[in-house]
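Participant: need a structure here:
(chains A, B and C)
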Amino acid sequence: MSASLQRGINVLKEMIDAPVASFFSSCVHCGLCAEACLFYTETGDPKYTPIHKLEPLRRVYSQEYTLLGRVGKMLGLSKALTDDELETWSELVYDSCTMCGRCSLVCPVGNDIVYMVRKLREGMAVSGHAPKDLRATTRRTIEIGSPMGVKWPAVQHVIQRQETETGLKIPVDQQGAEIMVLLSSMEVINYPEYLGALAKIFHKTGTRWTLSSKAIEATNAGIQIGASDLAREIVARIVTAAEGLGVKKVLSPECGHAYMALRWEGPNLMGRPFKFEVVHVLELLDEWRRAGKLKVKDKFKTPVTLHDPCQIVRRGGVLEAPELLLEQVVSEYRPMTDPNKWNWCCGGGGGTSAIHEPDAEQLRFKAFQVKKRQIEETGVDTVVTFCANCRIVIEEAFDHYGMNTKLLGLTELLAQHLED
Amino acid sequence: MNAMQFLAWVRGPGLDISVGILLLGVIWRLLEIYTLGRKPDLAPARRRAGASGWHTLYRRSLPAPGGLSRSPISYVGGYTFHIGLAIVVFLFAPHILLASSLVGLSWPGLPSPVIDGVTVITLAAMLVMLFDRINKPVKRYLSTFEDYFTWALTFLPVLTGYLAVKHLLLPYATMLAVHILCVELLLIALPFTKLFHAITVFGSRWYNGQINGRRGVPV
Amino acid sequence: MADPDTLEKRLAQQGISRRAFLKFCTAMATLMALPPGTAPAIAAALAKAKRPSVIWLSFQECTGCTESLTRSYSPTVESLIFDMISLDYHHTLQAASGFGAEKSREDAMKESYGKYLLLVDGSIPTKDGGIYSTIAGTTNLDMLKQAAKGAAAIISVGTCAAFGGIPKANPNPTGAVAVSDIVKDKPIVNISGCPPIPAVITGVLAHYLTFGALPELDSLNRPKAFYGETIHDRCYRRPFYDQGKFAKTFDDEGARNGWCLFELGCKGPVTHNACATTKWNGGAGFPIEAGHGCLGCSEPDFWDAGGFYKALSMPATPLTLVTGAAVTGAAVGVGISIANRMKKGAAKSAHQTATFTDLEK
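Facilitator: Numbers count the residues shown, from 1 in each chain, chains lettered A, B, ... in the order given. Below you'll find the model as predicted:
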């Protein structure tokens, strides 16, 4: 129990770099970022303006790293951050921000706001101002290995079920396999068919793959809460296992933040490049599609639309594969307005779906209205997506709004229509 | 001090001091900001054509999809004011003369009546923007004294320049001196307020484009 | 014998005898239905009628203003001094010299005390007691104060008298000042210009003589009739200014095409005078028409306004602080950069690796 304001401010001082300084110096208070943020557009409350969420970080920057700011603080013209202020900001930095990154695309002076939110969370976390539900998820990930408390026996159970259903062997701890596969707890608990789908596709393409009993969890609560020391600990498990098995690639599952954590933050957390390549499952599938290894026997007839998970598409860079794969397997695809990297968040990323306070949940449902409108505009009643967290969030929202819309996972959809 | 002495002062020591402070401030602030540096990114980059800091430098001048209908005043007002100000500052003959005397470069300008028209449009745009800042909840919420102060610092040179050319309000020599003084106040404040975005916008857009471009996302 | 400049004397000079003069006065009395005895009274009064006395004091001046006055064509300087005024003292135009001339001045001042017009050209040196310009052993400063006492009004002819002019220009070694800096209790008209247009000098005098009052003045006490507009607003080359067509050198194509001289330093926009309308040399032209920009000579401190060939939009003096400012900015920037690095380094050193218990207070 040693979080403290001092530690928080110290971490923020470590976090501030030239981009942060440039961004804060450029902001002209135009408010366009608010119009890109679903938490503002669906509530109309200006406190959710993205740049406003960063006010504590801006204060630290000004007071610590600018001459005028330092002089101002010495003269008492500005006050240091207080615990009370950070407590107020907790809702703004966590409950109402999924780190979807849409604001960063819109800012006319070029501010990468989500870049800074990630850094501010570092200070919020070690000063004890992260939501308690996120602290619990992080604790479970560190102590148990999964944010939802999923242990290896549960995974084994899923493996056995899928082996039975597909009739295929699911390898574990295979030294020298080409690909090591990771899962998210959400898939293990809610969408175990994903594993079976993978098994089918690997079988079709003759890939040597494996799971690791020491590192099954892809998600990284440390990234979401903003505690890089913990994120490093979590990622290290994967890196040690993968490098221990000598695999060439590690497959990140259909989970947004997992991809972000492993592919983009991972080497920086570890302080060195990996000895393996990180690949998102859809990237791999698309590679095979282009090589002609994925042949579909028939197409999904019902018209569908596609929800692009923020961390994979806009923030992860997997821009084309999803649509190309989808078009392979459905007969009618109607893109949403604001598709691809401009798509709107489901409202549950960045750790928000783990926060089970009533206010936070109400806020998320409210924010979901933009997604609801997008779906209704397309006129379809089937949505396809490729992130387990988006899936659970969207399904809960469909429930809440009494929508009859169906939600499908892309990898599973592909697997269902593959040639045998 | 009579009008001619006032005018000679703002054209002489006043200009010297304000340009000096501008230069001092710009160099100081650029160093202050960009020497903070950043850690190298150890994740392997995903290169994609059209995704880089350089692309974002110009691409970010275009509105986001749907942005124009969501925030028409911010975009249209912003474009009108910035472009109008650029035209008036850089394409009006007396200003070009000043530039050529300071930096040795010269370029052709626009006829004065055209500049007059652009000035009026620019002033109108700025008033609309001020009104919008006060009226729109988000802008009002975000705005501090600095936002209104820098608005005035930017509005007054354009207004007083127009009044001088049109021989309105004050006798010409005084009006011209007031105009030059307003410009000098703007120069002094530029490096130390949000007006510095005039320079840091390039750095910020570049960083944004580079950070996202490394991941293969053109922004 | 009547005074030299009485009406009777002038009439005699023009060939009208005293007899004819008396006849005229009798006719006047009859016309006005006055008793016959008033005719001699009228004759006596009219015989004594004098042209207004004008004392012209020349101080630190170049005589250019007098030169300009002598070019006046309507009224000519001759008809002016012979018909309209009694020019009782003027260094250049008077025949007398030495103590005799000074005595004439003192006599005229005494005789017309409170009524004479005092015209001044040239600035008044004040440094070291005003020793830098004296006439007959008297400093200009003292002479002006003396002469001003009995003047009905003072007309400062030329920019030197009106505003200090060239002697006042940097570094002003003689401590030159304008008339209005010395005299505070008399009406003063500033007819500025270096020199002023002849017709402006004579026009103001004519106004005074006709109406017995000074014309309407602007904030610098210049007659609005002549100084109410700027050269720029009446300049025939204005359309070229508006179109942005400027001569860049004195013999380029623009110059030869008569384009605007703004870039060559014309101060027309800030100069009030009648040059563009009344013009010079009987309407022959004015500096801009001759191809040279306006110097702004009817405005105060025009010598120190940044240079005749520097356009108004250009800096008046060269920028001297630029290098120093850049160096200082760099020093401050480097200083703060080092301080920032140290702070960040300290923050890194102070980093305590977090465990999940560190997420709670």
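Participant: beta partners of A:Leu211?
Facilitator: Applying DSSP bridges to A:Leu211 gives these bridge partners: A:Val172.
Participant: in contact with it, which residues?
Facilitator: Taking CB atoms under 8 Å, 6 or more residues apart in numbering or on different chains, we find A:Leu211 in contact with A:155, A:159, A:170-173, A:180-181, A:183. Where C-beta positions appear, they are placed from N, C-alpha and C, glycine not excepted.
Participant: go again using 7 Å as the cut-off
Facilitator: For A:Leu211, the contact set (CB atoms under 7 Å, 6 or more residues apart in numbering or on different chains) comprises A:170-172, A:181.
Participant: neighbour-wise, which of those leads?
Facilitator: A:Val181 (25 neighbours; other CB atoms under 10 Å in any protein chain shown).
Participant: show me the strands in chain C, by range?
Facilitator: For chain C, the strands defined by DSSP state E cover C:53-58, C:86-89, C:116-121, C:124-125, C:134-135, C:138-139, C:151-157, C:176-177, C:188-191.
Participant: got the CA coordinates for the second one in PDB?
Facilitator: Taking only C-alpha atoms (Å, rounded to 0.1, in the frame of the first residue of the first chain), the coordinates of strand C:86-89 have been written out as PDB:
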ATOM      1  CA  SER C  86       4.000  97.700 -43.200                       C
ATOM      2  CA  LEU C  87       7.000  95.400 -43.000                       C
ATOM      3  CA  ASP C  88       8.900  97.300 -40.400                       C
ATOM      4  CA  TYR C  89      11.700  94.800 -39.900                       C
END
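Participant: by contact count, what packs against it?
Facilitator: Packing contacts for strand C:86-89, counted by 3 or more CB pairs under 7 Å, 6 or more residues apart in numbering or on different chains; DSSP states H and E, involve strand C:53-58, helix C:98-111.
Participant: cutoff 6 Å now
Facilitator: Counting contacts by 3 or more CB pairs under 6 Å, 6 or more residues apart in numbering or on different chains; DSSP states H and E, strand C:86-89 packs against strand C:53-58.
Participant: partners of the strand it packs on, with directions?
Facilitator: Going by DSSP bridges, the partners of strand C:53-58 are strand C:86-89 (parallel), strand C:116-121 (parallel).
Participant: what angle do that strand and strand C:151-157 make?
Facilitator: Angle of strand C:53-58 versus strand C:151-157, following axes from the mean of the first three to the mean of the last three CA atoms, to 10 degrees, is 40 degrees.
Participant: what residue in chain C comes nearest to chain B?
Facilitator: C:Gly333 (2.8 Å; CB to the nearest CB).
Participant: for A:Thr418, give me phi and psi.
Facilitator: To be clear, residue A:418 is Leu; Thr isn't right here. Reported as degrees, to the nearest 10, the phi and psi values for A:Leu418 are phi -70, psi 150.
Participant: who is it paired with across the strands?
Facilitator: Beta-bridge partners, per DSSP bridges, of A:Leu418: A:Val296.
Participant: how much space between it and A:Ile159?
Facilitator: 21 Å (CB to CB, to the nearest Å).
Participant: kindly report the same for A:Leu86.
Facilitator: For A:Leu86, the distance to A:Ile159 - CB to CB - is 43 Å.
Participant: one step back: got the strands paired with strand C:53-58 as JSON lines, with mean neighbour count and mean pLDDT columns?
Facilitator: Output for the strands paired with strand C:53-58, formatted as JSON lines (neighbours: other CB atoms under 10 Å in any protein chain shown; pLDDT from 0 to 100):
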{"stretch": "strand C:86-89", "mean neighbour count": "22", "mean pLDDT": "85"}
{"stretch": "strand C:116-121", "mean neighbour count": "28", "mean pLDDT": "93"}
